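[1] Following is a predicted model, sequence given first.
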Amino acid sequence: MILLNGKEASAEIRAELNLRAAQFEREHGKKAGLAVVLIGNDPASEVYVRNKIRGCEETGIRSMTHRLPEETTMEEALALLAALSADRDVHGILVQLPLPAHLNAERLLEAIPPEKDVDGFLPENVGRLALKKEGTVACTPQGVMELLRRYHVPIAGKRAVVVGRSNIVGRPMAMLLLNADATVTVCHSKTENLKEECLRADLLVAAIGKAKFITADMVKEGAVVVDVGMNRDQDNKLCGDVDFDAVKEKAAYLTPVPGGVGPMTIAMLLKNTLDAAERIETQDNV
Ligand code: GUN
């Protein structure tokens, strides 16, 4: 089994991004800027946001964190997003999900201008992905593709099975694999014969959000297995959606958790932010 080492791959990507960030600052007299909006007290979100901010600092991207309390109203959140949208030093806006239940996530996200949508969550960018047009692609699925590319994992013509259909991972993941000419199946909580579907996969992407959900009997010998999960097991230890110790005996390639997809997500966020900053600043100059 070959470990798909996201920590290593992301370090290579980030070395390139550091140079790009420095060049951006030289050319434009300011840093690329990312605004991170965190509403409420979701403990996982706290960790994700901390890692994103650290990534910005290490790369030479200016990050601005806006922490709002759980009881924030739509009006307050929309006012903040309007200010960030108009701020010429903010090139990317990230609203960390999930949001408190009383807020309308869709309406909030749509207050972000598409050119500052570094998460690639807006209908404009999702539509572009669906049509295989250039646009901003969601960080986690984009990171998975980049990891596979760096390990020369073939995708065209292969049978890919994505387990999970979230807007953040499953759907864009399926679209990216389709755009790369895989034969794509998307499984979810209502799928019948899930095990049989998974067993057919040359490439299996697990994005379910349940600890060790994918067991060895669901994996074909020699398959490529990508674990997008980030869960805690009974001993409160970090683990993915894949039963790593069992599946490693069958998979040809496998991502670890942590150190697989997670660091690739951060690298793609930094890349999307630099892309947005370069696009915005050069558009302004014409
Ligand atoms: N919550 C879980 N993953 C993500 C992500 O990639 N972006 C945002 N904004 N929220 C998330």
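    Perfect, I can see it now. Residues are numbered from 1 along each chain as shown.
[2] Close to the ligand: what parts of the chain are there?
    Contact residues, the chain versus the ligand (Cβ under 6 Å from any ligand atom): 94-97, 119, 139-140, 168. C-beta: built from backbone N, CA, C; applies to glycine.
[3] Most neighbours out of those, which is it?
    residue 139 (28 neighbours; other Cβ atoms under 10 Å).
[4] Correct me if wrong: that residue contacts residue 120.
    Yes: here residue 139 reaches residue 120: they are 7.2 Å apart, a contact under Cβ atoms under 8 Å.
[5] Any chance you could list residues touching both of these two?
    residue 272 (Cβ atoms under 8 Å, 6 or more residues apart in numbering).
[6] Please name the residues that touch the closest residue to the ligand within the chain.
    Here the residue of the chain nearest the ligand is residue 97; by Cβ to the nearest ligand atom that distance is 3.8 Å. Residues near residue 97 by Cβ under 8 Å, 6+ apart: 45, 105, 168.
[7] Same list (those) but as TSV, adding pLDDT.
    As requested, these are exported to TSV (pLDDT from 0 to 100):
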residue	pLDDT
45	95
105	97
168	97
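[8] Run through the helices of this protein in chain order.
    6-28, 43-59, 74-86, 105-109, 123-130, 139-150, 170-179, 194-199, 244-247, 261-285 (DSSP state H).
[9] Generate CSV for those helices, with distance to residue 163 as supplementary columns.
    Below are the helices of the chain laid out as CSV (distance: least, Cβ to Cβ, whole Å):
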stretch, distance to residue 163
helix 6-28, 19
helix 43-59, 20
helix 74-86, 32
helix 105-109, 23
helix 123-130, 20
helix 139-150, 13
helix 170-179, 8
helix 194-199, 7
helix 244-247, 13
helix 261-285, 14
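[10] Hmm, residue 259 is touching residue 4, no?
    No: if you go by Cβ under 8 Å, residue 259 and residue 4 don't touch, sitting 9.6 Å apart.
[11] Counting neighbours, go ahead and name the busier of these two.
    residue 4 (26 against 16).
[12] For that one, which non-adjacent residue is spatially closest?
    residue 255 (4.4 Å; Cβ to Cβ, 6 or more residues apart in numbering).
[13] number of nearby residues for the one you found?
    29.
[14] hang on, it packs against residue 225?
    Yes: using Cβ under 8 Å, residue 255 is in contact with residue 225, at 7.2 Å.
[15] Quick check: the farthest pair among the residues of the chain next to the ligand?
    95 and 140 (15.5 Å; Cβ to Cβ).
[16] residues in contact with stretch 74-89?
    30, 33, 35, 37, 39, 62, 66, 68, 90, 93, 95, 103-104, 107-108, 111-113, 116.
[17] Which positions in stretch 276-286 come out as buried?
    276-278, 280-281 (16 or more other Cβ atoms under 10 Å).
[18] If you could redo that for stretch 82-93, that was the one I meant.
    Buried-residue list, stretch 82-93, by 16+ other Cβ under 10 Å: 84, 90-93.
[19] again, but for stretch 127-144
    Neighbour count says stretch 127-144 has 128-129, 135-144 buried, by 16+ other Cβ under 10 Å.
[20] before we move on, the earlier item: which residues does the residue nearest to residue 4 contact?
    3-4, 6, 147, 225-227, 240, 261.
[21] try residue 63
    Residue 63 touches 33-36, 52-53, 56-57, counting by Cβ under 8 Å, 6+ apart.
[22] can you list the weak-confidence ranges in the stretch 151-286 of the chain?
    For the stretch 151-286 of the chain, the stretches flagged by pLDDT under 70 are 284-286.
[23] contacting residues around the spatially most central residue of the chain?
    For the chain, the residue nearest the mean C-alpha position is residue 140 (2.0 Å; Cα atoms, centre = their mean). By Cβ under 8 Å, 6+ apart, the residues touching residue 140 are 168-169, 173, 207, 228, 261, 264-265, 268.
[24] And it, how close does it get to residue 96?
    According to Cβ to Cβ, to the nearest Å, residue 140 stands 13 Å off from residue 96.
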